[in-house]
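1. Mind looking at a prediction? Sequence and model below.
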Amino acid sequence: MRHTRALVDWLRACIAAFQFLTRLPIPVQIDYTERVFQRSAVFYPFVGFVIGLLLLLSAEGLSYILPPMPAAILVLAIWVVLTGGLHLDGLMDTADGILSHRSREQMLEIMKDSRVGAMGVIVCVLHLFLKFSLLYTLLDRQQNGEGSSLLLLLAVIPIWSRWFMVAAIKHWPYARPNSGLGSLFRGVQTGHVVISLLVALLTTTLFIYTSNTTFLPNWSLILGFAAITILAGASMASYISSKLGGLTGDTYGALNELLESVLLIAIILIQMNVL
């Protein structure tokens, strides 16, 4: 009975992760307690795996029937729809706060405002343009037979961007310790980060060994994704934390979005034999 109850608790946490991070229809009522939020972090890379798989299937299907430019736009739209724009909203709020160049307290107040400011819109538009251009490049090379195996790596990106969210929750202080949705994650432990890392490594291995890419040895790609995520993510998280005195729920979303673009750039550079 105890094992069954534990299994149900972890299943509830998995469902909570999908309901929180995606707009996939999962009609199950979950009581969002602090414990559920903490456990759900373990499943973030798995949620990224499912998002990545759906993106890959969309990209493969659209590239067969459309030229690379409209296909890239639709893949990007699907990417946004899958998350309901949750992380983009965090990116815009973070940009509004940090780029206001106000005091720490004023930045946090600006980020709490539900209205989007000029800097948030500018950063969001530029970010989406960057993502679109990278997707277009990837799909264009795939249609020309120059990077078909690397298209599978598109599915790996959401895995690692969401794993770093778990690492950021654990390793950087929370800027609003007694308020905000992100405060529910305060109890995330090192064990949660390690387990989610193992999930990220396992799902990445599955995609990379399926791709049979000849650009780099498989183990180099796996370690490369991990290294780029950690280095880029830690740099961005440290900068944001220095400005705000910690991270918030909005900044977790911003980190996810920015890391997705960084990893897309890395895939293009791999294909061009720059990395």
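-> Now that the structure is in, tell me what you want to look at.

2. mind checking how far the residue nearest to V193 when sequence neighbours are not counted is from I159?
-> With sequence-adjacent residues excluded and distances taken as Cβ to Cβ, 6 or more residues apart in numbering, V193 is closest to K170, at 5.0 Å. No exception for glycine: its C-beta is placed from N, CA and C like everyone else's. K170 sits at a distance of 18 Å from I159 (criterion: Cβ to Cβ, to the nearest Å).

3. Likewise for Y32?
-> The gap separating Y32 from I159 is 24 Å, by Cβ to Cβ.

4. In terms of packing, which of the two has more residues around it?
-> I159 (30 against 14; other Cβ atoms under 10 Å).

5. got the contact list for the more buried one?
-> P45, G48, F49, G52, A200, T203, T204 (Cβ atoms under 8 Å, 6 or more residues apart in numbering).

6. ok, L55 touching V80?
-> No - counting by Cβ atoms under 8 Å, L55 does not reach V80; the two are 11.0 Å apart.

7. Neighbour count: the two, which is higher?
-> L55 (20 against 15).

8. In a helix, L138, correct?
-> Yes - under DSSP: H, G, I helix; E, B strand; the rest coil, L138 falls within a helix.

9. That one touches I267, doesn't it?
-> Yes - counting by Cβ under 8 Å, L138 does reach I267; the two are 6.6 Å apart.

10. Just give me the neighbour total for the residue nearest to V193.
-> 19.

11. Check the one 4 residues further on too.
-> Using other Cβ under 10 Å, Y174 is surrounded by 23 other residues.

12. Hmm, it is touching G245, no?
-> No - using Cβ under 8 Å, Y174 makes no contact with G245, being 9.5 Å away.

13. Report the set of residues contacting both of L138 and I267.
-> Common contacts of L138 and I267, defined by Cβ under 8 Å, 6+ apart, comprise L150, L154.

14. Go ahead and measure how far whatever helix or strand F207 lives in is from the middle of the chain.
-> F207 is located in helix 190-211, with elements delineated by DSSP states H and E. Chain-centre distance of helix 190-211: 14 Å, with Cα atoms, centre = their mean, to the nearest Å.

15. following it, which helix or strand comes up?
-> Using DSSP H and E, the helix or strand that follows helix 190-211 towards the C-terminus is helix 218-244.

16. Can you list the helices and strands that the helix or strand just after that next one packs against?
-> Following helix 218-244 in sequence order, the next helix or strand is helix 249-271 (DSSP H and E). Helices and strands touching helix 249-271, by 3 or more Cβ pairs under 8 Å, 6 or more residues apart in numbering; DSSP states H and E, are helix 86-98, helix 118-143, helix 157-171, helix 218-244.

17. Could you point out which residue ranges in the protein have low pLDDT?
-> Counting by pLDDT under 70, the chain contains low-confidence residues at 1-3, 6, 145-149, 177-187, 211-218, 273-275.

18. go with 80
-> By pLDDT under 80, the low-scoring segments of the chain are 1-9, 30-36, 142-151, 176-188, 207-220, 271-275.

19. Check which residues of stretch 71-83 are buried.
-> Going by neighbour count (16 or more other Cβ atoms under 10 Å), the buried part of stretch 71-83 is A71, A72, I73, L74, V75, L76, I78, W79, L82, T83.
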